[in-house]
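Asks: here's my sequence, what's the structure:
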Amino acid sequence: MRLTPTSIPHRFATLLVLGGFFFAGVLRAGEPNPPGGFRALFDGKSLDGWHGDNPHQTAKAPPEEREQAIATQQEDFLAHWRVEDGELVNDGHGPYATTQDEFGDIEFHLEYKTVAKADSGIYLRGTPQVQIWDYTEAGGKWDRGADKGSGGLHNNGADAPGQLPSVLADKPFGEWNQFRITQIGSRTTVLLNDKLVVDNAIMENYWDRERLTPLRPKGPIHLQTHGGEIRWRNINLREIPADQANRRLRGDDTAQGFQPIFNGSDLTGWTGAVENYEVRDGSIVCQPGKGGVLFTEEQYEDFVVRLEFKLPPGGNNGLAIRYPGEGRASYDGMTELQVIDDTAEKYAKLDPRQFHGSIYGMVPAHRGYLRPVGQWNYQEVTVRGSTITVELNGTVIVDADVSQITEYMGDRPHPGKDRTSGHFGFAGHRDPVMFRNIAIKRLLTR
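Replies: Numbering: from 1, shown residues only. Predicted coordinates for the structure are as follows:
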C-alpha cells in the first residue's frame, strides 16, 4: 500500500560539502537545494514520499494488519501537520511524519525549531531515537537527562555510550538547530549545531531488547511529534556506498594501535596451506577447488582483528581463531567464524550455527547484515579470554562467551574452544573468497 498525503511547501539551505562536513547558508523559502550527492526528502511542494505512522501504535497490531493500521492514521496525520513559510510544522500531536523509503547507511542533515516543554526526536531505521527536547529546568525533565541537551540516543540503556549527549549544544528557543547524523550499521554519530554529541556509538534496538537483536539493516525515518510545536526544514539525505562505509568504519589503523599482517603483495608472514592460496589485486584469495588453513606465523592471545572480505555467489570460508597449527580450525582451534554467502539457496537448510559470522557449531549470528554478493564487507572481531564479538559492517552480530556453551551442533563437542592462544588464519573451503586490509591489535590479557 502506498500512502500519498497532501502537499506542503518547504525551505531549504544551501550546503557546501567539504571532506565529509558541510556548512549551511539559509535560502529563501522555495525549491529544495540539496548539496552534491544528497537528495531532498521533502520536495518543498508536497508530501510525496511521506506518510503518517506512530510505530508504537502500529507495533501493537498483528504483522498481517500493520499496513491497515498505518492507513487508519492518515487522516490524523493530515490534521496535525501543516506548512507555514515553507516549513514543515507539527502541532505536537498526531502520528509521526514517516518516509516511504527505507534506508540503511546514511548521512542525514536537517534543521528543526521547537518550543518550551516540547519533546520530539528522530527515529532511524524505524527505531527511537535521536532525542529532541526542552533542555531547561522549566521543561521538567531533568530527571530523565534533559539537562544534558538534545542529540543523545535516548532509548539506549542507561550508561550505554551515546545515551546522553557529550555536550549541551541546543540553541535557545526561537532559533534553528542543525543536525548532521551519520549511521553505518548500528554505529551512529550525531553533530548538533556543529558540536559532536554522539561519537560512533551503537544505537540499540528498542523493539527487541530481550534478545539483544541489533537494528534491522534498513528502515524508515520518522520525525516524532510529542507535546509541543516543532518545525522542520532542509531535510537532505545521502546513502553511503559500501566502499565509503568501510573506510569510515575502519578509521586509521595505525593511530588505533593496529598492525597490518598482510603486505598486499605476497604471503610473507603466513604459513600452512600457502600453496592453496594466491595474492590477487592486493587480496588473499583461496584458489578455486582448493582449501585448507592459511595462518599467521605469529600467535595471539587476546586481540582484535579487522579486515575486508568479498564473497562470490555461494562462497564459503572462515576465520581461524587461536588455531594450533594443525587439524580443523572449527574443532581443534578455539573456533572457526563462518565467512559464507548465507543468501545462497544451497545453504538455506544449514544449522543456524553455520550462517555467516557464527561461532561454528556453537553460537548463531544475527543474519541479514552482509552486503550484496560481490561487494566488500568490513568485519571486526574481538577475542578476549573466552568471549568473542563479531561486528559486521557496523553491526554486532555475535557477542558470546564460549566457556558457557554446553550444546553443540550434532552433539559434537569442540575440544579446542578453551584455547587461550594460537594463530589467526583463513579456513578455505574450495571457493575464491577474497580478503584484504587485514590488521591485528594485541590486547592486554586480563
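
Asks: what's the single longest helix in the protein?
Replies: Ordering each helix of the chain by length in residues (DSSP state H) puts helix 242-250 first.

Asks: how is the chain divided into domains?
Replies: 13-240, 247-442 (automatic domain parsing).

Asks: give me the nearest residue to the residue nearest to the spatial centre of the chain, chain neighbours excluded.
Replies: In the chain, the residue lying closest to the centroid (C-alpha atoms, centre = their mean) is residue 185, at 1.2 Å. Leaving aside its chain neighbours, residue 185 sits nearest to residue 394 (2.1 Å; criterion: C-beta to C-beta, 6 or more residues apart in numbering). Heads up, the C-betas are built off the backbone N, CA and C, glycines and all.

Asks: quick check: the gap between that neighbour and residue 103.
Replies: 14 Å (C-beta to C-beta, to the nearest Å).

Asks: same deal with residue 438?
Replies: Taking C-beta to C-beta, one finds residue 438 at 30 Å from residue 103.

Asks: got it, and residue 333?
Replies: 39 Å.

Asks: show me the contacts for residue 157.
Replies: 163, 204, 209 (C-beta atoms under 8 Å, 6 or more residues apart in numbering).

Asks: element containing it, please.
Replies: Residue 157 is part of no helix or strand when elements are defined by DSSP states H and E.

Asks: let me know the pLDDT of it.
Replies: At residue 157, the pLDDT value in this model is 93.

Asks: what mean pLDDT would you report for the next helix or strand after the longest helix of the chain?
Replies: Heading C-terminal from helix 242-250, the first helix or strand you meet, by DSSP H and E, is strand 259-260. Averaged across strand 259-260, the pLDDT comes to 97.

Asks: mind starting the numbering at 347 from now?
Replies: Will do, 347 is the new start, and the previous item becomes strand 605-606.

Asks: what about the helix or strand just after strand 605-606, average pLDDT?
Replies: Going down the chain from strand 605-606, the next helix or strand is strand 616-618, by DSSP H and E. Average pLDDT, strand 616-618: 98.

Asks: what's next to strand 616-618, contact-wise?
Replies: Applying C-beta under 8 Å, 6+ apart, the set of residues contacting strand 616-618 is 608, 623, 630, 638-643, 671, 769, 771.

Asks: so of the residues you listed, which ones are in strands?
Replies: 623, 630, 638-643, 769, 771 (DSSP state E).

Asks: just to revisit the earlier point, which strands and helices sit next to the longest helix of the chain?
Replies: If you count contacts as 3 or more C-beta pairs under 8 Å, 6 or more residues apart in numbering; DSSP states H and E, helix 588-596 packs onto strand 523-530, strand 722-730.

Asks: give me the phi and psi for residue 609.
Replies: The phi and psi torsions at residue 609 (degrees, to the nearest 10) take the values phi -90, psi 0.

Asks: one more: residue 597?
Replies: Backbone torsions for residue 597, taken as degrees, to the nearest 10, come to phi 70, psi -150.
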